[in-house]
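J.: model the following, please.
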Amino acid sequence: MTSDRAAGEAAASEQDGGRPVAPEPGTTAPGTTAPATTAPAAVTPAAGTRHARPLRSRSVPVAGVAVLIAVIAVFPLVFTNPTATNFGVITLIFVAVAAAWNIFSGFSGYLSLGHAVFYGTGAYFLVVAAKDWNLNGADVFWLLPLAGAVAALIAVPLGLVALRVRRHTFVVITIAFFFIAQLSASNLAVTGGSSGVLAPIPNWAAATFNNPFYYLAMLLAAAAVALSVLIRRSRFGLQLRAIRDDEDRAAGLGVRAMPVKLAALVLSAFITGMAGALWVYFIGQAVPQFVFDPLFDLAVVLMVFFGGLGTIAGPVLGALILEPTQLYLNLQESNSYESEILFGALFLVVILFLPRGVLPTAGEWLTAGRIRRLRGDWLAWRAGRTADRPVPPAAGNLS
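T.: Reported below is the predicted structural model:
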């Protein structure tokens with residue numbers, strides 16, 4: 001039977017011009033053996049090594065954030081000097097403002113130099129409303145959300161006009177809105193003109209005068225950072241980053257750029273307005289040249305660029321480092337413009353040599369060093385494996 005089948009296949013091969021005929025399924029060609037089929041061996045990683053690094057890398061930032069919050073919370077209890085707590089209040093206010101500015105400008109790529117409009121709007125609303133409604137003491141703090149809402153309301157028409165253009169023109173329009181707001185505050189009767197408006201005087205103890213402002217500023221800063229985290233991890237944040245990378249391509253993928261940008265600007269203005277209201281209540285007076293200060297926007301931009309534009313921790317780091325430094329220099333130097341000159345030079349250094357900020361640049365350096373170390377370990381392992389491999393004898397020495 002087998003010889004008849006072989007003869008039939010040979011005949012079929014001759015009829016087909018000598019081309020080999022494929023064997024039938026389940027059979028093997030004559031003169032060949034079926035290859036042995038074995039299941040691939042499963043590679044099982046060593047226990048505890050596969051997930052150890054992600055868990056450790058995730059726990060380190062959480063521990064760092066917990067330590068930072070604890071240090072900030074006990075700061076006014078340890079350093080009771082009014083100058084130190086004064087620095088703390090102003091610094092935390094700028095942490096909130098820097099995080100709010102980063103929500104819009106850092107995530108969308110539209111750099112705003114007009115956030116002082118929202119800051120001043122919240123400040124003037126608080127002093128005018130507290131005066132008209134006869135509020136004082138801790139009751140004034142209830143005006144903070146309303147001040148943020150008024151600043152957000154101002155952001156709607158501003159955004160509808162300014163966000164119709166692209167990035168570079170947007171910067172110019174925000175500067176124009178800033179000067180319009182400053183001139184309006186200097187000439188309107190409701191804002192007190194160039195003399196400004198006095199804020200209510202808090203009625204709590206002088207020994208702990210700064211503490212309520214400090215903890216409210218801490219809560220506002222924590223809320224701003226938490227909102228930044230939520231937005232960055234959401235679909236809304238993904239749309240903002242898509243607009244930052246390529247707005248035309250994002251629109252082609254279905255992102256409605258105008259509503260997304262406007263929503264981010266409104267959220268940013270809300271936090272900035274609350275920060276301005278808290279600041280003016282702490283300072284005690286709203287004056288146009290200080291409430292609508294052009295150096296305010298430059299300081300916020302420098303803080304965010306210094307720490308890392310578009311990151312979560314970058315604005316926090318920039319505000320925690322630069323604002324206390326500026327306040328200290330203002331106390332030490334007789335000429336207040338010296339600190340501004342130093343900060344201008346620092347801004348140039350950051351733009352030229354650290355365009356991505358301290359944190360992203362440090363992360364790149366650490367990643368590059370880790371890659372070099374892993375590559376060195378791999379080369380050493382490969383060299384050791386080659387050295388342990390037995391050398392075959394030479395052809396003439398075969399016995």
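J.: quick one, helices of the stretch 1-150 of the chain?
T.: Listed in chain order, the helices of the stretch 1-150 of the chain (DSSP state H, counting those that start in this stretch) span 2-15, 52-78, 82-101, 107-108, 115-132, 143-162.
J.: tell me the contacts of Leu253?
T.: With contacts defined as CB atoms under 8 Å, 6 or more residues apart in numbering, Leu253 is in contact with Ala242. Where you see a C-beta, it was placed from the backbone N, CA and C, and this is true even at glycine.
J.: distance of it from Ser108?
T.: According to CB to CB, to the nearest Å, Leu253 stands 16 Å off from Ser108.
J.: for Gly276, grab the count of nearby residues.
T.: 32 (other CB atoms under 10 Å).
J.: what about it? Give its phi and psi, please.
T.: Here is the backbone geometry of Gly276 (degrees, to the nearest 10): phi -60, psi -40.
J.: tell me the pLDDT at it?
T.: Per-residue pLDDT puts Gly276 at 97.
J.: what of the one 4 residues further on?
T.: Among the per-residue scores, Val280 holds a pLDDT of 96.
J.: ok, and the closest non-adjacent residue to it?
T.: The spatially closest residue to Val280, leaving aside those adjacent along the chain, is Ala123, at 3.7 Å (CB to CB, 6 or more residues apart in numbering).
J.: picking that back up, mean pLDDT for the helices of the stretch 1-150 of the chain: which is lowest?
T.: Looking at the helices of the stretch 1-150 of the chain, the lowest mean pLDDT belongs to helix 2-15 (a mean of 46).
J.: quick one, longest helix in this structure?
T.: Counting by DSSP state H, the longest helix found in the chain is helix 358-388.
J.: now do the buried residues in that one.
T.: Val358, Leu359, Pro360 (16 or more other CB atoms under 10 Å).
J.: could you do stretch 271-285 as well?
T.: By 16+ other CB under 10 Å, the buried positions in stretch 271-285 come out as 271-283.
J.: ditto for stretch 282-299
T.: For stretch 282-299, a neighbour-count test (16+ other CB under 10 Å) marks 282-283, 286-288, 290-293, 296-299 as buried.
J.: and if you look at stretch 196-216?
T.: By 16+ other CB under 10 Å, the buried positions in stretch 196-216 come out as Gly196, Val197, Ala199, Pro200, Pro202, Asn210, Asn211, Pro212, Phe213, Tyr214, Tyr215, Leu216.
J.: out of the residues you listed, which sit inside helices?
T.: Counting by DSSP H, the buried residues of stretch 196-216 place Asn211, Pro212, Phe213, Tyr214, Tyr215, Leu216 in helices.
J.: in TSV: those residues, plus pLDDT.
T.: Compiled in TSV, those are given as follows (pLDDT from 0 to 100):
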residue	pLDDT
Asn211	94
Pro212	95
Phe213	96
Tyr214	96
Tyr215	97
Leu216	97
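J.: and which of these is nearest Val349?
T.: Closest to Val349 out of these is Tyr214 (31.3 Å), distances taken as CB to CB.
J.: distance of that closest one relative to Ile90?
T.: 10 Å.
J.: what ranges do the helices span in the stretch 251-399 of the chain?
T.: Under DSSP H, counting those that start in this stretch, the stretch 251-399 of the chain gives helices at 257-283, 288-291, 294-307, 313-332, 337-353, 358-388.
J.: want to throw these into JSON lines with distance to Phe170?
T.: As requested, the helices of the stretch 251-399 of the chain are exported to JSON lines (distance: least, CB to CB, whole Å):
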{"stretch": "helix 257-283", "distance to Phe170": "9"}
{"stretch": "helix 288-291", "distance to Phe170": "23"}
{"stretch": "helix 294-307", "distance to Phe170": "13"}
{"stretch": "helix 313-332", "distance to Phe170": "20"}
{"stretch": "helix 337-353", "distance to Phe170": "19"}
{"stretch": "helix 358-388", "distance to Phe170": "23"}
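J.: mind checking those for the one nearest to Ala151?
T.: helix 257-283 (2.5 Å).
J.: now the angle between helix 82-101 and that closest one, please.
T.: 170 degrees (axes from the mean of the first three to the mean of the last three CA atoms, to 10 degrees).
J.: now helix 257-283 against helix 294-307, angle please.
T.: Orientation of helix 257-283 against helix 294-307 (the same axes, to 10 degrees) gives an angle of 110 degrees.
J.: output the contacting helices and strands for helix 257-283.
T.: Contact here means 3 or more CB pairs under 8 Å, 6 or more residues apart in numbering; DSSP states H and E; on that basis helix 257-283 packs against helix 82-101, helix 107-108, helix 115-132, helix 143-162, helix 211-232, helix 235-245, helix 247-252, helix 288-291.
J.: any chance of those in TSV, plus distance to Val304?
T.: Below are the helices and strands packed on helix 257-283 laid out as TSV (distance: least, CB to CB, whole Å):
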stretch	distance to Val304
helix 82-101	5
helix 107-108	11
helix 115-132	11
helix 143-162	18
helix 211-232	11
helix 235-245	14
helix 247-252	20
helix 288-291	21
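J.: Val266 is nearest to which of these?
T.: Minimum separation from Val266 across the helices and strands packed on helix 257-283 (CB to CB) falls at helix 143-162, 4.8 Å.
J.: I'd like the next helix or strand past that closest one.
T.: Downstream of helix 143-162, the next assigned helix or strand under DSSP states H and E is helix 167-187.
J.: got the buried residues for that following helix?
T.: Buried-residue list, helix 167-187, by 16+ other CB under 10 Å: Phe170, Val171, Ile173, Thr174, Phe177, Phe178, Ala181, Gln182, Ala185, Ser186.
J.: lovely, talk soon.
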